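Peer 1: Got a sequence here, can you build the structure:
(2 chains)
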Amino acid sequence: MIVLVGLPARGKTYISKKLTRYLNWIGVTTKVFNVGQYRRDATRSYNSYEFFRPDNTEAMKIRKACAIAALKDVCDYFTRAQGQVVVFDATNSTTERRELILSFAKDNGYKVFFVESICDDPEIIAENIKQVKLSSPDYANCDKEEAVADFLKRIDCYKLTYVPLDDSKDRNLSYIKIFDVGSRYLVNRVQDHIQSRIVYYLMNIHVTPRSIYLSRHGESELNLLGRIGGDSGLSPRGTKFACALGTYMRGQCISDLKVWTSHMKRTIQTAESLGVQYEQWKALNEIDAGVCEELTYEEIQDNYPEEFALRDQDKYRYRYPKGESYEDLVQRLEPVIMELERQENVLVICHQAVMRCLLAYFLDKSAEELPYLKCPLHTVLKLTPVAYGCKVESVFLNIEAVNTHRDKPVNVDVDRDPEDALRTVPDHS
Amino acid sequence: MRGSRPPRSTRGRAVCMTNCPTLIVTVGLPARGKTYISKKLTRYLNWIGVPTKEFNVGQYRRECLKIYKSFEFFRPDNEEGLKIRRQCATAALNDVRQYLSVEGGQVAVFDATNTTRERRGLILKFAEQNGFKVFFVESVCEDADVIAQNIVHVKLGNPDYIHCNTEEAVEDFMKRIKCYESSYQSLDEVLDRDLSYIKIMDVGRRYLVNRVLDHIQSRIVYYLMNIHITPRSIYLCRHGESDLNIKGRIGGDSGLSARGKEFAKSLRKFIQEQNIKDLKVWTSQMKRTIQTAECLGVPYEQWKSLNEIDAGVCEEMMYEEIQEHYPLEFALRDQDKYRYRYPKGESYEDLVQRLEPVIMELERQENVLVICHQAVMRCLLAYFLDKPAEELPYLNCSLHTVLKLTPIAYGCKVESVFLGVDAVNTHRDKPENVNVQRSTEDALQTVPAHF
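Peer 2: Numbers count the residues shown, from 1 in each chain, chains lettered A, B, ... in the order given. Just a heads-up that it's a prediction; the model follows:
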């Protein structure tokens, strides 16, 4: 159980959602339980900050009941839904409330790791309120100024009883304290592998505005022939795309843009055209199709009909003989994601399967959807973090290219006809 | 996380280019594990390919003084002593500059007590003048047991105390520590808030991390937060002899030979006799390691990253066939076995990169048995024994032999145990002639015998 701690507008929900997204992407089933949501469901309409006054006994009862209801659902998630990690998103700002949670966890045999966010910078808090609180259901019918005033009073209510994790009294607890949006961290008693990974992740993320550009290499010779994998160079249209990409990126006027490619010719050739420095990552290489490398789908159906069907049955977990699966890809892309989190403006020139994995991370797509995400050639996806998520702008650079997207066919049975198997194969030469 | 505003200019210092060298500076009283951390960190960084070197100021002092008399040298009122110590620090910093600015080093670890703000100020100035980023690593510990252990394990064997008996040595060392205590200024949350550092408290129970600036600092912090000093052993071995091994073929995914199965049984007996507490067993996802582990009758975890090096187009070939079909590639590999990448395959360098998470988890764990493959085992062994890239691909990792690694003092003790079941030799030494024009005979000179 990851338990958030902190006054309102300290980024707890931002951290909760981001961490959950990351853990699910690397294959650790995780869910957020936001107690504020339970409160909204219980009280139906929000009146004012008065609800949060520490002397409002009626409200205190409701709030405690909500926390307990959320904890009950946590229990269900662990036992029935086989969840591995729960993120308990609430202020949890008193020793008493934290004791309640620790007791609950002990009774059920759950490990607890606290994540406390401490920040007293009025600018950051104001920015926070503007970005996520004003659009909250609580303030749907308020005007901006009223909302801000009310929210600041709400924070004051919590301040009266806020007891931060204490260096001495809480020395036996496992936790990370994040100060001033990451300028400083205090880490205490990390118990195991997953907590260590969580700490590493939290220490690498930031909130500085930036954009991440994802694109595939320009159309390649093998793309034209409908062949998968391999290491071919760009087709004439692919070369045109590389130029267009350069024009587009220059138009974005980004200072300090980092450009990353894989070790394969087609991404390198695309980057070369940009005329700027770029870094090659072997981890960005396309999925290894093993024995199916450089085959057309028709040839795969011809030579490996059973493998072809098995892949359609579970495209995420299926591993090509002597090759890789999407699941393997995610594992080798994790360091890329970690470095993307550390960086600011980056353009990643990669490949179809790789781009699907990266996109799934940013857009929180499940393992089932991931292998079918649309990542056409010659289209740049501009991802900009906004509030709790990611804004996507899709920019087609106007150079025609073959379609390489093969949808999941209706018939995934191993005994199916070649016709059924090849129904969704895109056109090629 | 970093803030939504541009970083405040720190004392008007010049902004460093992204790839400027890093100076890691240890801070702490004697016997707090600074040298242990310095050496381990240096070993790790070099293994992952970041040229790193440590500079131990105590070493400079020993060379300067030649004979250590007593703790009196370290008294804060010993003017002569202070002069010499300052000179030594300066000499070390000069060598640091040489290493980072001239010799192409990327990280230098400046291992000394650096316990006063004044000394740290000098180092910061030096770094600024030379365009180095500074990252402090402070070790704080007040646990008397840990400190005593420390003194026994590393100080008593130190050249300073060669002519002393144990009691004398311990007493003198404790007085030495006292000399530093009065002037010790720990990194301060407020006064040092603009510095980049990690404070390690009580051997890793707690960490305070401030202003991590870049990727390498982030990796260093992650590493330091995962290492521990709990006594334990790591057992490395290869799968039992496989069918392809017998045929002299590389790679592939074959099962165990009859002798390989014998080995698995012997391994089981060996492990039982070792009587290891809470042993974890890891294998790759290839048949031969899994079959070996199956025989042990204990739960084991499969890691894809422990799979053998991918020989690409040369998979399942004999060396003779590689020479016949790819004589150029064969020669290029002999010229630079560490960096050479098989066409459509991997290099040892690639292997190290994919094994890094395995090493990180091995650091977190306690007793582990890793059943892997020849190239993989060479990479892991090179990490533990601090072997450079040139030696790594030629380390001897024979079949049916278990290497038991036990951390001691600043390094690793290795016990090699051959489990008495014969197997083919799969070790091919670097031949004398690595020229691309060489004769077939020269190329195949060092190929081990096979069926």
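Peer 1: what about residue 224, neighbour count?
Peer 2: All of this refers to chain A. Residues lying near A:Leu224 (other Cβ atoms under 10 Å in any protein chain shown) number 17. Placement of C-beta: from N, CA and C, glycine included.
Peer 1: my bad, the chain I had in mind was chain B
Peer 2: With other Cβ under 10 Å as criterion, B:Leu224 counts 20.
Peer 1: do you know how far it is from chain A?
Peer 2: Counting by Cβ to the nearest Cβ, to the nearest Å, the gap from B:Leu224 to chain A is 11 Å.
Peer 1: Contact partners for that residue?
Peer 2: Contact analysis of B:Leu224 by Cβ atoms under 8 Å, 6 or more residues apart in numbering or on different chains lists B:Ile37, B:Leu41, B:Val137, B:Ile198, B:Ile200, B:Tyr207.
Peer 1: okay, the residues you listed in a markdown table with neighbour count and secondary structure next?
Peer 2: Formatted as a markdown table, the contacts of B:Leu224 follow (neighbours: other Cβ atoms under 10 Å in any protein chain shown; DSSP: H, G, I helix; E, B strand; the rest coil):
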| residue | neighbour count | secondary structure |
| --- | --- | --- |
| B:Ile37 | 22 | helix |
| B:Leu41 | 22 | helix |
| B:Val137 | 25 | strand |
| B:Ile198 | 23 | strand |
| B:Ile200 | 24 | strand |
| B:Tyr207 | 19 | strand |
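Peer 1: hang on, B:Gln335 packs against B:Val434?
Peer 2: Yes: contact status for B:Gln335 versus B:Val434: in contact at 4.8 Å, counting by Cβ atoms under 8 Å.
Peer 1: Chain B contacts on the stretch 301-429 of chain A?
Peer 2: Counting by Cβ under 8 Å from any Cβ of the partner chain, the stretch 301-429 of chain A comes close to chain B at A:Lys322, A:Asp328, A:Gln331, A:Arg332, A:Glu339, A:Arg342.
Peer 1: got CSV for those, with pLDDT and secondary structure too?
Peer 2: Below are these laid out as CSV (pLDDT from 0 to 100; DSSP: H, G, I helix; E, B strand; the rest coil):
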residue, pLDDT, secondary structure
A:Lys322, 90, coil
A:Asp328, 96, helix
A:Gln331, 95, helix
A:Arg332, 94, helix
A:Glu339, 96, helix
A:Arg342, 96, helix
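Peer 1: ok so, going back, B:Gln335 and B:Val434: who's more crowded?
Peer 2: Counting neighbours by other Cβ under 10 Å for B:Gln335 and for B:Val434 shows that B:Val434 has the greater number, 17 against 12.
Peer 1: Any idea how many residues pack against the nearest residue to that one once chain neighbours are set aside?
Peer 2: Of all residues not flanking B:Val434 in the chain, B:Asp334 sits nearest, at 4.1 Å (Cβ to Cβ, 6 or more residues apart in numbering or on different chains). Neighbours of B:Asp334 under the rule other Cβ under 10 Å: 22.
Peer 1: list the buried ones in whichever helix or strand B:Asp334 is part of?
Peer 2: Counting by DSSP states H and E, the element that carries B:Asp334 is helix B:327-335. With burial defined by 16 or more other Cβ atoms under 10 Å in any protein chain shown, the residues of helix B:327-335 counted as buried are B:Pro327, B:Glu329, B:Phe330, B:Ala331, B:Leu332, B:Arg333, B:Asp334.
Peer 1: swap in stretch B:308-328?
Peer 2: Neighbour counts over stretch B:308-328 (16+ other Cβ under 10 Å) mark B:308-311, B:314-315, B:317-319, B:322-323, B:326-327 as buried.
Peer 1: Likewise for stretch A:210-227?
Peer 2: The neighbour-count check on stretch A:210-227 (16+ other Cβ under 10 Å) flags A:210-224, A:226-227 as buried.
Peer 1: again, but for stretch A:166-184
Peer 2: Neighbour-count burial for stretch A:166-184 flags A:170, A:173-184 (criterion: 16+ other Cβ under 10 Å).
Peer 1: do stretch B:241-255 as well
Peer 2: By 16+ other Cβ under 10 Å, the buried positions in stretch B:241-255 come out as B:241-246, B:248-255.
Peer 1: CSV for those residues, including distance to A:Cys66 and pLDDT?
Peer 2: Formatted as CSV, these follow (distance: Cβ to Cβ, whole Å; pLDDT from 0 to 100):
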residue, distance to A:Cys66, pLDDT
B:Glu241, 63, 98
B:Ser242, 59, 97
B:Asp243, 63, 97
B:Leu244, 62, 97
B:Asn245, 63, 97
B:Ile246, 67, 96
B:Gly248, 69, 95
B:Arg249, 65, 97
B:Ile250, 62, 97
B:Gly251, 58, 97
B:Gly252, 59, 97
B:Asp253, 54, 97
B:Ser254, 59, 97
B:Gly255, 57, 97
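Peer 1: Which member of those residues is positioned nearest A:Cys350?
Peer 2: Closest to A:Cys350 out of the buried residues of stretch B:241-255 is B:Gly251 (27.4 Å), distances taken as Cβ to Cβ.
Peer 1: That closest one touches B:Met318, doesn't it?
Peer 2: No: with contact defined as Cβ under 8 Å, B:Gly251 does not reach B:Met318; the gap is 11.0 Å.
Peer 1: Just give me the closest of the buried residues of stretch A:166-184 to A:Tyr372.
Peer 2: Of all the buried residues of stretch A:166-184, A:Tyr372 sits closest to A:Gly182, with 35.2 Å by Cβ to Cβ.
Peer 1: For the lengthiest helix in chain A, which helices and strands make contact with it?
Peer 2: The residue-count maximum for a helix in chain A (DSSP state H) belongs to helix A:57-79. Identification of packing neighbours for helix A:57-79 by 3 or more Cβ pairs under 8 Å, 6 or more residues apart in numbering or on different chains; DSSP states H and E yields strand A:30-34, helix A:35-43, strand A:85-89, helix A:95-108.
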